[in-house]
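>>> Provide a 3D model corresponding to the input given below.
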Amino acid sequence: LGLDRSGIIAVTMPCFGTTDRTYTNACKLAEAYGVTLREIPIRDSVRQHFADIGHDENQHDVTYENGQARERTQVLMDIANQVNGIVIGTGDLSELALGWATYNGDHMSMYGVNSSIPKTLVRYLTAYEASHSEGELQEVLLDILDTPVSPELLPPEEDGTIAQKTEDVVGPYELHDFFLYYMVRMGFSPSKIYRLALQAFSKDYTEETIIKWEKKFYWRFFSQQFKRSCLPDGPKVGTVTLSPRGDWRMPSDACVNVWMKELNDIEKELLLRRRAEKKVDDAIQFTESVGNAVTDIADAFGNAISEAVEGIFTATSSPEEFNRRVQERSSEIAEFFASKFRKVSEDIENMTEQNSSDSSNKEQEDTKKSCGNVVENIAETVGNAVSDAVNDVFNTKSEKQDDTTQSVKSTVEDIAETVGNAVSDAVDDFFKTTTEPEEFSRRVEERSAEIAEYFASKLRQVLKESENPANNTEDDSEDSNKKEGE
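Got it, this is the predicted structure:
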């Protein structure tokens with residue numbers, strides 16, 4: 001129009017929530033563009049208004065917030081009368097869609113220049129202007145882009161930063177602009193828009209986040225139509241507008257239930273899927289936990305056996321007697337191991353009967369049968385492992401103690417691995433047939449320490465008996481001493 005920019009009157013009206021950052025940027029922006037800047041603090045007038053209506057200033061509710069917004073609109077309208085001008089509205093299409101404006105506050109103006117420009121486009125235009133500017137103007141525009149969107153109607157944080165952030169309350173504008181476009185321009189259903197959003201924002205937002213804010217969008221869009229029914233004039237930019245005199249016809253009392261039902265169904269399906277995924281994750285975590293427990297058990301067995309066998313072998317001069325005694329006790333050890341797992345089997349059976357009303361009798365029988373088979377396998381495996389291990393130690397005995405120790409250690413590793421595999425197989429089998437893996441894991445871990453300690457104690461007993469063999473005669477001892485001396 002060829003008008004001087006000084007004819008544009010920019011008004012900054014600091015109040016309770018104004019931060020130094022936004023106030024400074026407003027002043028610098030007005031100066032950089034050469035417009036007329038007026039500063040009119042509204043704290044006192046808002047406090048007077050609160051006193052008039054009997055509102056406590058310390059009660060930061062909707063009255064506290066909207067009182068400031070409406071006071072600002074009153075100031076702007078009166079200044080427009082003073083200078084024979086019009087109030088240019090700053091609200092954009094996204095705020096109108098969500099109703100994120102104070103009715104008869106910033107919602108009202110004499111011309112809404114941004115009424116069909118969504119927030120994402122406002123940001124893009126600001127970035128474009130910054131890229132074509134320089135000096136302080138460019139710095140200010142970039143800092144404005146970096147500032148959280150906020151009406152600043154609540155007091156700032158203690159450090160002076162913005163406390164009230166719009167997107168924390170209503171959600172990300174890039175999502176809402178996406179929902180708005182495909183609802184108004186394309187007429188897509190909520191479920192289709194949701195699927196499109198999953199594709200468009202898969203790297204930025206989770207499914208839960210998208211459905212949460214889509215529900216918020218539809219609820220606010222329908223409930224805030226009364227604000228759009230009395231919008232000031234504004235241009236149509238692009239293909240979407242919500243002007244009641246242009247493209248959009250909607251009653252203020254329109255009901256959102258049909259749309260929300262569709263979204264609630266999506267959310268319900270998502271919740272059920274997440275629960276199923278969590279069950280799988282819990283199972284994986286349980287398996288890993290059991291794997292760690294098996295490793296610990298194997299280590300405990302290995303350490304106990306290593307200590308006992310090395311001590312026995314060093315102390316006794318009669319490996320045949322030692323071999324015989326250990327083989328006798330291997331069956332006891334296996335039986336103890338089996339008895340502990342039978343207890344677990346009984347616990348699982350009782351637990352299944354009490355807590356799994358959905359489980360069939362066949363499933364419970366399968367669990368019991370599986371547990372029994374596992375117990376038998378473990379008993380046999382452990383017995384064979386111990387017997388084979390001892391035989392291996394003495395069959396590979398060397399005149400050098402180091403060689404013997406190395407042989408013992410190798411055997412211990414075999415025992416640890418064998419026992420670990422047996423326990424691991426047992427746990428896998430149990431896990432497939434029980435509905436309460438957490439309880440099973442707890443009980444098995446409780447008994448693991450007992451099993452390991454029992455295993456060690458039996459071998460210590462062999463060590464003690466080997467040091468004082470009851471069936472050795474005095475002559476045998478003398479012969480042994482001679483051999484050792486030689």
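>>> what average pLDDT does the helix or strand hosting C27 get?
Using DSSP states H and E, C27 maps to helix 20-33. For helix 20-33, mean pLDDT is 97.
>>> could you list every helix and strand in contact with it?
Identification of packing neighbours for helix 20-33 by 3 or more C-beta pairs under 8 Å, 6 or more residues apart in numbering; DSSP states H and E yields strand 9-12, strand 36-39, helix 135-146. Where you see a C-beta, it was placed from the backbone N, CA and C, and this is true even at glycine.
>>> buried ones in it?
21-22, 25-26, 28-30, 32 (16 or more other C-beta atoms under 10 Å).
>>> just to revisit the earlier point, for A197, find the nearest of the helices and strands packed on helix 20-33.
Nearest to A197 among those is helix 135-146 (23.9 Å), distances taken as C-beta to C-beta.
>>> can you list contacts of the closest one?
Residues from elsewhere that reach helix 135-146 (C-beta atoms under 8 Å, 6 or more residues apart in numbering): 21, 25, 28-29, 32-33, 123, 126-127, 129-130, 133.
>>> rewinding a little: using TSV, please lay out the buried residues of helix 20-33 together with distance to I284.
Formatted as TSV, the buried residues of helix 20-33 follow (distance: C-beta to C-beta, whole Å):
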residue	distance to I284
R21	47
T22	49
N25	51
A26	54
K28	56
L29	55
A30	59
A32	58
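>>> S252: which of the residues you listed is nearest?
Using C-beta to C-beta, these come closest to S252 at T22, 32.8 Å.
>>> touching, that closest one and E152? I think so.
Yes - between T22 and E152 there is a contact under C-beta atoms under 8 Å: 6.3 Å.
>>> quickly list what's touching both of the two.
I162.
>>> OK, contacts around E31?
Taking C-beta under 8 Å, 6+ apart as the criterion, E31 is in contact with L37.
>>> typo on my end, it should be N264
K215.
>>> for S223, same thing?
99, 256.
>>> that one and G99, how far apart?
7 Å (C-beta to C-beta, to the nearest Å).
>>> L154 now?
According to C-beta to C-beta, L154 stands 18 Å off from G99.
>>> who has more neighbours, these two?
G99 (20 against 17; other C-beta atoms under 10 Å).
>>> quick check: that one touching L231?
No - using C-beta under 8 Å, G99 makes no contact with L231, being 11.6 Å away.
>>> so what sits against both of these two?
Shared contacts of G99 and L231 (C-beta under 8 Å, 6+ apart): none.
>>> can you pull out the strands in the stretch 1-150 of the chain?
Counting by DSSP state E, counting those that start in this stretch, the segments of the stretch 1-150 of the chain that form strands are 9-12, 36-39, 88-89, 111-112.
>>> who wins for proximity to R249 among these?
strand 111-112 (18.2 Å).
>>> same question for that closest one, mean pLDDT?
Per-residue scores along strand 111-112 average to 96.
>>> and the helices in the stretch 101-250 of the chain?
Applying DSSP state H, counting those that start in this stretch to the stretch 101-250 of the chain gives helices spanning 119-131, 135-146, 166-169, 173-180, 190-200, 207-223, 225-228.
>>> now do the contacts for L121.
By C-beta under 8 Å, 6+ apart, L121 lies in contact with 177, 238.
>>> any chance of the contacts of helix 135-146 in TSV, plus distance to V140?
Formatted as TSV, the contacts of helix 135-146 follow (distance: C-beta to C-beta, whole Å):
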residue	distance to V140
R21	11
N25	5
K28	5
L29	5
A32	6
Y33	10
R123	15
T126	10
A127	13
E129	11
A130	9
S133	9
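>>> may I ask which helix or strand of the protein has the lowest mean pLDDT?
Least confident helix or strand of the chain, by mean pLDDT, DSSP states H and E, is helix 474-485 with a mean of 45.
>>> measure stretch 234-254 end to end?
24 Å (C-alpha to C-alpha, to the nearest Å).
>>> what are the contacting residues of that stretch?
With contact meaning C-beta under 8 Å, 6+ apart, stretch 234-254 is reached by 89, 93, 96-97, 111-118, 121, 180-181, 184-185, 222, 225-226, 228-231, 233.
>>> which ones are touching F221?
Counting by C-beta under 8 Å, 6+ apart, F221 touches 97-99, 180, 183, 256.
>>> please repeat the previous calculation with a cut-off of 7 Å.
The contact partners of F221, by C-beta atoms under 7 Å, 6 or more residues apart in numbering, come to 97-98.
>>> what of the one 5 residues further on?
F226 sits next to S252 when contact means C-beta under 7 Å, 6+ apart.
>>> kindly report the same for the one 3 residues further on.
In this structure, S229 makes contact with 244, 252, judged by C-beta under 7 Å, 6+ apart.
>>> pLDDT at it, what is it?
pLDDT at S229 comes out at 95.
>>> pLDDT below threshold where in the protein?
Residues of the chain meeting the criterion pLDDT under 70: 286-486.
>>> apply 50 and report the result again.
Scanning the chain for pLDDT under 50 picks out 357-359, 398-400, 470, 472-486.
>>> still on that earlier bit, which of the buried residues of helix 20-33 sits closest to Q164?
The closest of the buried residues of helix 20-33 to Q164 turns out to be T22 (C-beta to C-beta; 11.6 Å).
>>> what's near enough to touch the closest one?
Here T22 is in contact with 147, 152 (C-beta under 7 Å, 6+ apart).
>>> what's around R249, how many residues?
R249 has 8 neighbours, counted by other C-beta under 10 Å.
>>> give me the phi and psi angles of the nearest residue to D20 once chain neighbours are set aside.
In space, and not counting its chain neighbours, D20 is closest to G160: 6.0 Å by C-beta to C-beta, 6 or more residues apart in numbering. Taking degrees, to the nearest 10, you get phi 90, psi 0 for the backbone angles of G160.
>>> from N114, how far off is G160?
Distance of G160 to N114, given as C-beta to C-beta: 28 Å.
>>> check T24 too.
T24 is 23 Å from N114, by C-beta to C-beta.
>>> and for K278?
The gap separating K278 from N114 is 44 Å, by C-beta to C-beta.
>>> compare the two (neighbour count), which wins?
Shown here are K278 and N114; by other C-beta under 10 Å, N114 has more neighbours (22 against 11).
>>> list the contacts for that one?
90-92, 122.
>>> next: Y181.
V240.
>>> if we use 10 Å, what do you get?
Shown in contact with Y181 (C-beta atoms under 10 Å, 6 or more residues apart in numbering): 93, 118, 120, 188, 193, 238-240.
>>> check Y23 too.
Per C-beta under 10 Å, 6+ apart, neighbours of Y23: 12, 14, 39, 152.
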